[in-house]
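Colleague: Okay, predicted coordinates and the sequence, questions at the end:
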Amino acid sequence: MLIKNMKSKSSLNLGIELLRFIMCFWVILYHCFDTKNKRIKEIIINKRFHVPTFMFISFYFFYNSLNSRNINKIKAKLIRLSVPYIIWPTIIWIFNNILYLIFQSNRYNRRLTLIELIYQLTFGIKIYGVVWFNNIVLLFIIFFTLISLLFKTKFLLIFQIISILIYAFDYSKYRRYFIKTYTWIFLGRVLGMFPISVTGLCISSLYIISKLKIDKKRNKAILICFLNIFFLFKYDIFIINKGYAYRSIIFNIAAINFFILFTLIPFENIKNKLIIFFIRTLTNYTGGIYYVHMIVKRNLNQQIN
């Protein structure tokens, strides 16, 4: 019965579910994996295509709710994202302070203040930085919804203009005035993720994926995306050497190609129920694995040291 239910789950393309799992695993490698192999290090550490791809996926599937002004669906998405965003840092804040009071050792070397928790819940960084992604998505959902309600037919155009201005700023001489503090890192991430989320909305609105599947261009599109991704791994183009992560158009290009590639690969031809069950079981746990992996890493590091 469970396998049958997994098989019947059709809200997401199987390829996209697999892509989510791969990107989550890549994030964990980025945070936890250490190697002296320069080529592997270059791919895992410097080619950070994972988070932009997650952002693209989030807003590709958000477009229908946004365009239809389905407030109930939008509220449900906000609640679904808010729960882990609030709970995980709060749990860490509580347990850290309890353990500090009990042991007062170097392992729990200080008490976290209420101001730090408020800062965490405002900007998504300070106590538990891995939830910054939720913070950005929540902000974008609220912002996009408000603009779409105000400008019912022109909201995508407004988002596109803002995205162009962001990239114009990123590749200008003025970006050097950014200062690396917590607040500026937050703003840098907002500016970096905004054009990627807008691209997800735009491609969803154009139904490009559906057209490629219906027309006999699927194989060509798969080949082109594969070659584009290989090129992005092989060569550094459009790279901004100084600044914040994801502040480069290369991340937007990579997210588009990864998404289209995994959407068009004919995973629907897989008839083996166990394979489908395995893939979807893995993807059901990607969120939980993502939220706890930094806690596991810190504990392992403390035990080793």
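Modeller: Right, received. Where do you want to start?

Colleague: what secondary structure does R111 sit in?
Modeller: coil (DSSP: H, G, I helix; E, B strand; the rest coil).

Colleague: That one contacts I102, correct?
Modeller: No - the pair R111 / I102 is not scored as a contact, 11.8 Å apart, by Cβ atoms under 8 Å. (Each C-beta comes from the backbone N, C-alpha and C, glycine too.)

Colleague: quick one: which of the two has more around it?
Modeller: R111 (13 against 9; other Cβ atoms under 10 Å).

Colleague: and that one, backbone torsions?
Modeller: When read as degrees, to the nearest 10, the backbone of R111 gives phi -90, psi 130.

Colleague: Report the contact partners of it.
Modeller: 96-97, 100-101 (Cβ atoms under 8 Å, 6 or more residues apart in numbering).

Colleague: Same list, these, but as JSON lines with distance to I260 please.
Modeller: Shown next, in JSON lines, are the contacts of R111 (distance: Cβ to Cβ, whole Å):
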{"residue": "N96", "distance to I260": "43"}
{"residue": "N97", "distance to I260": "46"}
{"residue": "Y100", "distance to I260": "48"}
{"residue": "L101", "distance to I260": "52"}
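
Colleague: so where is the chain shaky, pLDDT-wise?
Modeller: For the chain, the stretches with pLDDT under 70 are 1-12, 104-109, 176-184, 241-245, 272, 285, 293-305.

Colleague: re earlier: which among the contacts of R111 end up buried?
Modeller: 96-97, 100 (16 or more other Cβ atoms under 10 Å).

Colleague: re the thing from before, so which of the contacts of R111 sit within helices?
Modeller: 96-97, 100-101 (DSSP state H).

Colleague: Would you quantify the distance from the closest residue to F186 other than its chain neighbours to S172?
Modeller: If the residues on either side of it in the chain are set aside, F186 comes closest to F123, at 4.4 Å by Cβ to Cβ, 6 or more residues apart in numbering. Taking Cβ to Cβ, to the nearest Å as the criterion, F123 is separated from S172 by 25 Å.

Colleague: V198 reaches I161, doesn't it?
Modeller: No - look at V198 against I161 with Cβ under 8 Å: they stay out of range, at 9.8 Å.

Colleague: Have a look at those two and say which one is more surrounded.
Modeller: V198 (24 against 12).

Colleague: Which element, helix or strand, includes that one?
Modeller: If you go by DSSP states H and E, V198 is part of helix 182-206.

Colleague: other SSEs contacting that helix?
Modeller: helix 50-60, helix 63-67, helix 114-123, helix 132-150, helix 155-170, helix 249-264 (3 or more Cβ pairs under 8 Å, 6 or more residues apart in numbering; DSSP states H and E).

Colleague: Which stretch among these is buried most, on average?
Modeller: Scoring the helices and strands packed on helix 182-206 by mean neighbour count under mean count of other Cβ atoms under 10 Å gives helix 50-60 as the most buried, with a mean of 24.

Colleague: Just checking the distance from that one to the centre of its chain.
Modeller: Mean-position distance between helix 50-60 and its chain equals 5 Å (Cα atoms, centre = their mean, to the nearest Å).

Colleague: list the helices and strands it packs on?
Modeller: So helix 50-60, by 3+ Cβ pairs under 8 Å, 6+ apart, packs with helix 14-32, helix 132-150, helix 182-206, helix 249-264.

Colleague: which residues touch that helix?
Modeller: With Cβ under 8 Å, 6+ apart as the criterion, helix 50-60 contacts 16, 19-20, 23-24, 26-27, 30, 133, 136-137, 140, 144, 193, 196-201, 203-204, 245-246, 251-252, 254-256, 258-259.

Colleague: Tell me how far S163 lies from G129.
Modeller: When distance is defined by Cβ to Cβ, S163 is 25 Å away from G129.

Colleague: same question, L149
Modeller: Distance of L149 to G129, computed by Cβ to Cβ: 32 Å.

Colleague: how does the chain divide into domains?
Modeller: 1-33+270-297, 49-265 (automatic domain parsing).

Colleague: first to last residue in the longest one, what's the distance?
Modeller: The straight-line separation of the ends of domain 49-265 (Cα to Cα, to the nearest Å) is 19 Å.
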